[in-house]
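# Please work out how this folds:
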Amino acid sequence: MLICPKILSSLVLLSLLSLALGDDVVVLTQDNFDKEVGQDRGALVEFYAPWCGHCKKLAPEYEKLAASFKKAKSVLIGKVDCDEHKDLCQKYGVSGYPTIQWFPKGSLEPKKYESARTAEALTEFVNSEAGTNVKIASIPSSVVVLSSDNFDQIVLDETKDVLVEFYAPWCGHCKSLAPTYEKVASAFKNEEDVVIANLDADKHKDLAEKYGVSGFPTLKYFPKGNKAGEDYDGGRDLDDFVTFINEKCGTSRDAKGQYNSKAGIVESLDSLVKEFISASDEEKKTVFTRIEDEVSNLKGSTARYGKIYLKAAKSSMEKGADYAKNEIQRLDRILSKAVSPAKADEFTLKKNILSTFA
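Next comes the predicted model:
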């Protein structure tokens, strides 16, 4: 259990960050630095180290800044991992972390930023240097905010699997966790039975005491079958949370919230599909009937997946052995274009199931 030091900080970011944050900061390397910086736009660059506590505290502010300047074509917001690119950081005189430098348009001669490390202060600086007039973006959160009024209704709902972070507004470790926790919430926001939530344990001390919270942040998992709650003792990287939730909740999401290759796969149907593929045309009809029987016994989301199996089997009989392969190629072409998250889920499920027929 990490006990938080007395560092005054705001938790506004818990309700502002989104999965897209982080992705808006351009990752600069030895290979692409000169191609991105010093060209036809000004660049604000953070030189950081992954282990640096001050860098971790800056991260949500810096990501919020990048989200705000996402559409400003005359400005780049970037970062360099100095552990990985030591020569590049040494070239620009970096001796401590984080170091933030402004590179004017067309120049590789930087100006060091030495003001407050807040999104507001950084925005004011960049606007002044670049001649822009960007406002800080207000981004909705995917984390469900709990209180005494809604805690039982949300957390103790027997139809939901709920992960709860108990935090304190003055907690430095909580602030460091905030951007990651927001990304976890975004990754599972389309899972109706999964809730990623947090509770201000300083404000709601009675609830914190009830669930044995003595340090911050404390994470507890409340599955459908155990509303007494279980301590979350796993890692605090995004992948750690995603793996935990997939294993506990039976979901199949990746860190970006997209379905992974296991989504939609039903083991009991997979064995029948293997028989179906190797069967003669006449035998396929018999196996198809067995698939129909198995699908009729499925419940919940697997029943929906079963219908896709049935349709794939029927189409394979009608259109031939190459149906699955051709349909997968068609779906790949669609998924390579911009599609809504809901459509991406739909097509990925179908593609995964068709792959068992290919």
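
# For the closest residue to F33 other than its chain neighbours, which residues are in contact?
Leaving aside its sequence neighbours, F33 sits nearest to L88 (Cβ to Cβ, 6 or more residues apart in numbering; 6.0 Å). Quick note: C-beta positions are derived from backbone N, CA and C, even for glycine. L88 makes contact with 28-30, 33, 80, 82, according to Cβ atoms under 8 Å, 6 or more residues apart in numbering.

# Whichever of those residues end up buried, select them in PyMOL.
To isolate the buried ones among those in PyMOL, judged by 16 or more other Cβ atoms under 10 Å, type:
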select buried, resi 28+33+80+82
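
# Dump the contacts of L88 to TSV, plus pLDDT and secondary structure.
Formatted as TSV, the contacts of L88 follow (pLDDT from 0 to 100; DSSP: H, G, I helix; E, B strand; the rest coil):
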residue	pLDDT	secondary structure
L28	97	strand
T29	97	coil
Q30	95	coil
F33	97	helix
V80	97	strand
C82	97	coil
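
# ok, back up a step: ok, the residue nearest to F33 to N127 distance?
27 Å (Cβ to Cβ, to the nearest Å).

# How about the backbone phi and psi for the closest residue in space to A197 that isn't next to it in sequence?
Spatial nearest neighbour of A197, excluding adjacent residues (Cβ to Cβ, 6+ apart): V144 at 4.0 Å. The phi/psi pair for V144 (degrees, to the nearest 10) reads phi -80, psi 120.

# What count of nearby residues applies to V144?
18 (other Cβ atoms under 10 Å).

# Quick one: residues contacting it.
Contacts of V144 by Cβ under 8 Å, 6+ apart are 154, 185, 195-198.

# between those residues, which is nearest A121?
Nearest to A121, judged by Cβ to Cβ, of those is N198 at 26.1 Å.

# With D281 as the reference, measure out to the closest one.
Counting by Cβ to Cβ - N198 and D281 are separated by 57 Å.

# just F125 next, same as before
71 Å.

# Looking at these two now, which is surrounded by more residues?
Remark: of F125 and D281, F125 carries more neighbours, 19 against 7, as counted by other Cβ under 10 Å.

# returning to that earlier point: can you tell me which of the contacts of V144 lies nearest to E165?
Closest approach between the contacts of V144 and E165, by Cβ to Cβ: N198, at 4.2 Å.

# looking at it, the closest one is touching S141, isn't it?
No - look at N198 against S141 with Cβ atoms under 8 Å: they stay out of range, at 9.4 Å.

# Who has more neighbours out of those two?
N198 (26 against 21).

# which stretches of the stretch 251-358 of the chain form strands?
Under the criterion DSSP state E, counting those that start in this stretch, the stretch 251-358 of the chain contains no strands.

# same deal with the stretch 1-150 of the chain?
According to DSSP E, counting those that start in this stretch, the strands that the stretch 1-150 of the chain contains are 26-28, 42-48, 75-81, 99-103, 111-112, 144-146.

# Any chance of the ones you listed in JSON lines with distance to Y181 as columns?
Below are those laid out as JSON lines (distance: least, Cβ to Cβ, whole Å):
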{"stretch": "strand 26-28", "distance to Y181": "21"}
{"stretch": "strand 42-48", "distance to Y181": "20"}
{"stretch": "strand 75-81", "distance to Y181": "20"}
{"stretch": "strand 99-103", "distance to Y181": "25"}
{"stretch": "strand 111-112", "distance to Y181": "32"}
{"stretch": "strand 144-146", "distance to Y181": "11"}
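
# Between the ones you listed, which one is closest to R333.
Once the strands of the stretch 1-150 of the chain are compared by Cβ to Cβ, strand 26-28 is nearest, at 28.3 Å.
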